[in-house]
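*Asks:* A structural model of the following input is requested.
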Amino acid sequence: MSDIVAAWWLVLLQMPERIRVMLTTEGTYPFARGGVSTWCDILLSKLEQIDFVIYAVMMNPFVTQTYRLPGNARLLRVPLWGTEEPCEHLAGRPFSQVYLAKRRTIEKTIASQFLPLFRDLIAEVTSDEKDPARFGATCAGLYQLFEEYDYRVCSKSPATWECFKRLAAPNARPVRWPEPTLFDLTQSLGWLYRFFIILNTPLPRVDVAHSAAAAFCGIPAVLSRILHNTPYLLTEHGVYLREQYLSKGRAALPPYLRKFLMSLVRSVVALNYHFADQVSPVCAYNSRWERQLGVRATKIRVIHNGVDPAVFAPSPHRKKSPPAVIGVMRIDPVKDIETLLCAAALVHATAPEVRFIIYGGVTMPEYFDRCLALRTRLGLDRAFVFAGHTENAPEAYHSGDIVVLSSVTEGFPYSIVEAMMAGKAIVATDVGGVSEALGPAGIVVPPQDPEQFARAICYLLENPLERASLGQEARERALTYFTTERFAVLHLECYERLAQLSDREAESRELARRTLARQALFAHRGFALGLSGRWPEAVAAFRLAITLDESSAAAPALRILLARALVGMGHRSAAQAEMRKAIQARSTLHSRSPSQLDRAGVARAGLNPAGVVL
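*Replies:* Prediction:
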């Protein structure tokens with residue numbers, strides 16, 4: 001037992017005192033309510049031993065904060081719209097730094113340093129074949145460029161506009177791309193300017209980067225992975241690419257803009273999947289999409305959402321009152337309230353005393369107006385109530401006999417898990433992880449099928465014993481699989497494991513730096529010996545340097561120097577063999593895409609992997 005205790009103490013001593021996590025969000029926590037924000041709030045409140053930086057990508061700086069952050073979290077706001085200067089949200093950046101960056105950003109600099117990276121960016125965005133490794137290198141290069149030069153001046157330069165027009169011209173695009181109008185070009189370039197403001201925001205130094213979506217908010221995590229070797233955990237609530245296809249399919253966009261935007265989204269999704277060390281969907285349903293989109297099965301680990309059993313405890317039997325069907329969902333097209341209204345009309349035709357009550361805020365006023373008009377046409381103004389957002393979700397569930405969800409797409413909805421924990425009978429559409437959550441403890445129906453939805457509701461209204469049995473089974477299933485304690489333990493384990501990975505990588509990089517320094521020492525000795533004509537000793541010094549690490553970033557340069565020394569001895573065939581090895585080593589090195597840190601280490605050691613002594 002003492003050995004086990006000692007081993008645990010050793011593990012604890014090797015861990016940092018408090019793990020620092022950058023949690024990135026997009027249009028959700030802490031500014032908007034919904035499933036993702038609920039997930040974030042539970043994660044932060046349950047893991048008090050973790051220090052969080054909330055990197056919140058938001059539409060504009062005027063959005064009201066909805067959630068109060070706990071003491072273990074601080075907020076970094078990154079508004080994409082609503083600012084004249086892209087650095088306005090960087091409160092700690094002094095004016096002198098902004099001013100000097102603008103002065104340094106001249107047309108010559110833009111042409112030589114910004115435009116090559118910009119061309120790579122446009123090539124990736126407009127390509128049907130995505131190359132996330134190259135896209136990541138481009139984003140990292142732009143991030144480093146904007147540490148010294150001004151983002152706005154580079155992006156709005158006339159040279160940038162001319163470059164973009166040439167790359168977007170019909171003869172430069174695949175045949176299947178629509179021809180852009182002037183409006184299309186200005187709008188798509190404007191999107192790039194806004195979306196990539198993220199590249200102009202300094203990264204916090206953390207132990208683990210964690211994104212709440214495979215979206216633009218994942219770019220900071222990717223940058224942290226590339227530039228700081230920070231392990232990256234990606235959580236997917238829904239499948240971002242699928243949701244964007246559904247959303248943009250309904251949007252009134254010109255053909256070119258729709259194509260451009262979806263190609264950009266595909267690039268960003270592929271980027272996140274490629275660089276994430278672990279992809280954790282909230283349900284196994286999502287993992288099928290992720291594998292189809294190229295994520296290796298070994299990187300995927302499902303972590304289900306969890307709710308508090310004490311907060312969502314079952315209530316005593318309802319008082320005798322008209323039957324009530326409850327929905328806790330926002331008023332949004334993806335929730336398909338219109339199908340629920342049609343189902344309610346069918347139920348009302350046979351059971352006019354039944355009331356439908358929907359608790360949830362309005363996200364799209366025009367869609368809400370459509371729902372109100374449909375409610376009036378169906379004669380449900382008194383039977384179907386929109387009750388607005390509620391701060392007391394448990395009481396909302398307790399006020400009904402049946403809980404419903406009519407979505408056309410979902411991840412792993414909190415409203416289902418909460419209703420299960422509250423011991424309610426549930427009817428929901430079979431989308432996303434809904435059936436995975438319910439198992440046999442509820443009724444699932446096809447989406448956009450009001451007849452089957454109505455039949456399932458009527459069946460449960462007419463069978464109170466079946467309602468009670470399903471509610472009890474749902475509670476037991478939720479207690480087994482979907483508690484906040486289980487949710488928190490699984491995430492803490494991931495953070496600790498990834499933080500240790502970060503420590504091991506740091507040790508590995510330090511060892512690589514020391515090896516490079518020793519290689520440089522022997523290389524300079526061999527070079528000096530060669531200048532003195534002592535070729536055999538020079539050859540021995542270069543061979544010793546190579547032997548230290550034949551796979552290091554300096555290996556190609558060392559083999560070229562060795563070849564020169566062999567020529568000095570008259571051993572031309574051996575020199576040619578070393579040159580072939582140098583070419584092979586350089587090819588291998590490029591395929592590995594060495595990090596900026598590796599290149600910097602080689603430069604500090606005085607060696608250039610291209611084969612030149614600096």
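*Asks:* If you drop the residues flanking it in sequence, what lies closest to Val445?
*Replies:* Residue nearest to Val445 in three dimensions, not counting chain neighbours: Gln452, with 4.4 Å by Cβ to Cβ, 6 or more residues apart in numbering. Glycine gets a C-beta too; all of them are placed from N, C-alpha and C.
*Asks:* Tell me which helix or strand the one you found sits in.
*Replies:* Per DSSP states H and E: Gln452 is located in helix 450-462.
*Asks:* Can you report the mean pLDDT over the residues of that helix?
*Replies:* Mean per-residue pLDDT for helix 450-462: 97.
*Asks:* Helix 450-462 and the helix or strand just after it, what's the angle between them?
*Replies:* Helices and strands here follow DSSP H and E; after helix 450-462, the next one along the chain is helix 464-481. Interaxial angle of helix 464-481 relative to helix 450-462 (axes from the mean of the first three to the mean of the last three Cα atoms, to 10 degrees): 100 degrees.
*Asks:* Could you identify the helix or strand that succeeds helix 464-481?
*Replies:* Next along from helix 464-481, by DSSP H and E: helix 484-531.
*Asks:* chain center to that next one: distance?
*Replies:* On the basis of Cα atoms, centre = their mean, to the nearest Å, helix 484-531 is displaced by 25 Å from the centre of the chain it belongs to.
*Asks:* how about the next helix or strand after that helix: buried residues?
*Replies:* Counting by DSSP H and E, the element after helix 484-531 in chain order, helix or strand, is helix 535-548. Across helix 535-548, burial judged by 16 or more other Cβ atoms under 10 Å covers Trp535, Glu537, Ala538, Val539, Ala540, Ala541, Phe542, Arg543, Leu544, Ala545, Ile546, Leu548.
*Asks:* for stretch 81-92, same thing?
*Replies:* So, applying 16+ other Cβ under 10 Å, buried residues of stretch 81-92: Pro86, Cys87, His89, Leu90.
*Asks:* the helices in the stretch 301-450 of the chain, which residues?
*Replies:* Applying DSSP state H, counting those that start in this stretch to the stretch 301-450 of the chain gives helices spanning 337-350, 365-377, 393-398, 414-421, 434-438, 450-462.
*Asks:* can I get the CA coordinates of stretch 193-213 in CSV?
*Replies:* C-alpha atoms of stretch 193-213 as CSV (Å, rounded to 0.1, in the frame of the first residue of the first chain):
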residue,chain,number,x,y,z
TYR,A,193,-11.3,40.0,-42.7
ARG,A,194,-13.8,39.5,-40.0
PHE,A,195,-13.5,35.8,-39.3
PHE,A,196,-9.7,35.9,-39.1
ILE,A,197,-9.5,38.8,-36.6
ILE,A,198,-8.8,35.8,-34.4
LEU,A,199,-5.3,35.7,-35.9
ASN,A,200,-4.8,39.2,-34.5
THR,A,201,-5.5,38.2,-30.9
PRO,A,202,-2.6,37.2,-28.6
LEU,A,203,-2.9,33.6,-27.3
PRO,A,204,-2.9,33.0,-23.5
ARG,A,205,-0.2,30.5,-22.4
VAL,A,206,-2.0,27.4,-21.0
ASP,A,207,-1.5,23.7,-20.4
VAL,A,208,-4.5,22.5,-22.4
ALA,A,209,-6.5,24.2,-25.2
HIS,A,210,-10.2,23.1,-25.4
SER,A,211,-12.7,24.2,-28.1
ALA,A,212,-16.4,23.8,-27.7
ALA,A,213,-16.9,23.4,-31.5
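*Asks:* pLDDT of it, averaged?
*Replies:* The model assigns stretch 193-213 a mean pLDDT of 95.
*Asks:* Flag the shaky bits of the stretch 451-600 of the chain, pLDDT-wise.
*Replies:* Applying pLDDT under 70 to the stretch 451-600 of the chain flags residues 502-510, 589-600.
*Asks:* do the same with the stretch 151-300 of the chain
*Replies:* 170-175, 249.
*Asks:* where exactly do the helices run in it?
*Replies:* 151-155, 158-168, 182-195, 219-228, 240-250, 255-275, 284-292.
*Asks:* Can you tell me which of the ones you listed is packed in deepest?
*Replies:* For the helices of the stretch 151-300 of the chain, the largest average neighbour count (mean count of other Cβ atoms under 10 Å) is found in helix 219-228, namely a mean of 24.
*Asks:* And that helix, what does it pack against?
*Replies:* strand 20-26, helix 132-146, strand 208-211, strand 232-236, helix 255-275 (3 or more Cβ pairs under 8 Å, 6 or more residues apart in numbering; DSSP states H and E).
*Asks:* quick one: which of those is nearest Arg119?
*Replies:* helix 132-146 (9.3 Å; Cβ to Cβ).
*Asks:* Report the buried residues of the closest one.
*Replies:* Applying 16+ other Cβ under 10 Å to helix 132-146 flags Pro132, Phe135, Gly136, Ala137, Thr138, Cys139, Ala140, Gly141, Leu142, Tyr143, Leu145, Phe146 as buried.
*Asks:* Spatially, which two of the buried residues of helix 535-548 are the most separated?
*Replies:* Top of the distance list for the buried residues of helix 535-548 (Cβ to Cβ): Trp535 and Leu548, 20.8 Å.
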